Each structure stands twice: as structure tokens, then as C-alpha cells.
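Visitor: build me a structure from this.
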Amino acid sequence: MPHITLEYTDNIDIESPKALLHKLVDALVATGHARRKGIRARAIKLTDYVIADDDPNYHFMFVTLLLREGRDLETRKLMSESQMQLLETEFAHLNEGEKYLAVATNVIEMHADALNRHSLPVERIKD
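Guide: Model (predicted):
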């Protein structure tokens, strides 16, 4: 049941945040360590933020992956890198000339003993 949360500054023009979320989901599934049916993804456009000296040429994107505990470090790194590589490729143009894009990812493990949830029945979700 991985959760993907993409935060991005409002000076990044994303034509379709939903299409980008689908790409992030695809990248995570391609690692072989997440099932599409369990993934939830969301994008949050940030309007109130400060980056360094507030230069308008600075941009940032941050992906947080929330994962159930149990994956080893190498797997978590692979999942994190899948998100990083996609964003760096898709938004390479924001690292040209005077522009600068900071991209970061973080993996947080959710521990079963502290997790409360009520989920959609998996059998109802289309592949």
C-alpha cells in the first residue's frame, strides 16, 4: 500500500499533475516491489514556500514514499531512485541557464503496530 506524495513549487509548470502521478506510479511498479492496486498518489502544489534567497529561478520537488515496514534498505533505495530518476528526466529543463531545480525523495516506513486503516477491497480495483 505505498503512498506517493509529490510536493512541488508553483513556479513549476506541470501541464497535468495527474498524468505525472501516473508516471510516478508506473515507475514504482516497474521496480517490481509494489503492486499497482495498492498504490495511492497525490500531488500538492505549494504556493507558500521559501527557497534559499527567494530567487524565482529556484524550484523544488519532493517525493515522500510511505511504505509498510518490511522492505530491505536496497529495495527502499531502488523505490526512491525510481521516483528521483523520473523527475530529474521530466524536468531537466529546469536546470538550464539561471534556473535550478532541487529534487529530493524520502522513504518512510509505516509500522503495522501503529497503523490504522480501512481500505478499498482489492478485488474491486482494476489492474
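Visitor: quick check: bridge partners of the spatially most central residue of the chain?
Guide: For the chain, the residue nearest the mean C-alpha position is V63 (3.5 Å; Cα atoms, centre = their mean). Beta-bridge pairing of V63 under DSSP bridges involves L6, T105.
Visitor: does it touch N106 like I think?
Guide: Yes. Counting by Cβ atoms under 8 Å, N106 is a contact partner of V63 at 7.4 Å. Yep, even glycine has a C-beta here, placed from its N, CA and C like the rest.
Visitor: for the two, list the residues in contact with both.
Guide: Each of S80 lies in contact with both V63 and N106 under the rule Cβ atoms under 8 Å, 6 or more residues apart in numbering.
Visitor: please, where are all the strands along this protein?
Guide: For the chain, the strands defined by DSSP state E cover 3-9, 40-46, 58-68, 100-110.
Visitor: of all these, which one is nearest H22?
Guide: Proximity to H22 (Cβ to Cβ) singles out strand 40-46 among the strands of the chain, at 8.0 Å.
Visitor: list the buried residues of that closest one.
Guide: The neighbour-count check on strand 40-46 (16 or more other Cβ atoms under 10 Å) flags A41, A43 as buried.
Visitor: tell me who's in contact with the residue nearest to the centre of the chain.
Guide: Per Cβ under 8 Å, 6+ apart, neighbours of V63: I4, T5, L6, E7, L24, S80, Q83, M84, L87, A104, T105, N106.
Visitor: narrow those to just the buried residues.
Guide: Among the contacts of V63, those classed as buried by 16+ other Cβ under 10 Å are I4, T5, L6, E7, L24, S80, Q83, L87, T105.
Visitor: in TSV: those, plus pLDDT and distance to R35.
Guide: Shown next, in TSV, are the buried ones among the contacts of V63 (pLDDT from 0 to 100; distance: Cβ to Cβ, whole Å):
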residue	pLDDT	distance to R35
I4	98	14
T5	98	19
L6	98	20
E7	98	24
L24	98	15
S80	98	18
Q83	98	17
L87	97	22
T105	97	20
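Visitor: which of those sits closest to H93?
Guide: L87 (12.1 Å).
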